[in-house]
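>>> 3D, please:
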Amino acid sequence: MVNYKCFNCGKSLTEKTLEKRFVCPYCNSKIFYKPRKVITKVKAV
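Alright, predicted model coming up:
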């Protein structure tokens, strides 16, 4: 499942929420982005 975040209000949205209309239900914005996962770096010893 893909998660999106609204660029305008910052609310998290799921793919199912945006299935019918690609508009934020909270602020009616049409700009979204996929938040990146935090990558942890491990140092070799």
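
>>> now the most centrally placed residue in the chain: how far from Ser29?
Closest residue to the average C-alpha location of the chain: Tyr4 at 1.9 Å, with C-alpha atoms, centre = their mean. Noted for Tyr4: a distance of 11 Å to Ser29, by C-beta to C-beta, to the nearest Å. Any C-beta I mention is one placed from the backbone N, CA and C, and that applies to glycine too.

>>> wait, isn't Met1 in contact with Leu13?
No. When contacts are counted by C-beta atoms under 8 Å, Met1 is not listed as touching Leu13 (11.2 Å).

>>> who's more crowded, those two?
More neighbours surround Leu13 than the other of Met1 and Leu13, with 18 against 5 (other C-beta atoms under 10 Å).

>>> any idea which helix or strand carries that one?
Using DSSP states H and E, Leu13 falls within strand 12-14.

>>> Show the average pLDDT along that strand.
Averaging pLDDT along strand 12-14 yields 89.

>>> Show me what secondary structure element comes after it.
Heading C-terminal from strand 12-14 (DSSP H and E), you reach strand 32-33.

>>> which other helices and strands contact that next one?
strand 3-6 (3 or more C-beta pairs under 8 Å, 6 or more residues apart in numbering; DSSP states H and E).

>>> which one is Lys11 nearest to, not counting chain neighbours?
Nearest residue to Lys11, sequence neighbours excluded (C-beta to C-beta, 6 or more residues apart in numbering): Tyr26, at 5.1 Å.

>>> pretty sure that neighbour is touching Lys5, no?
No. Look at Tyr26 against Lys5 with C-beta under 8 Å: they stay out of range, at 11.4 Å.

>>> Tell me which of the two has more neighbours.
Relative neighbour count places Lys5 above the other of Tyr26 and Lys5, with 15 against 12, counting by other C-beta under 10 Å.
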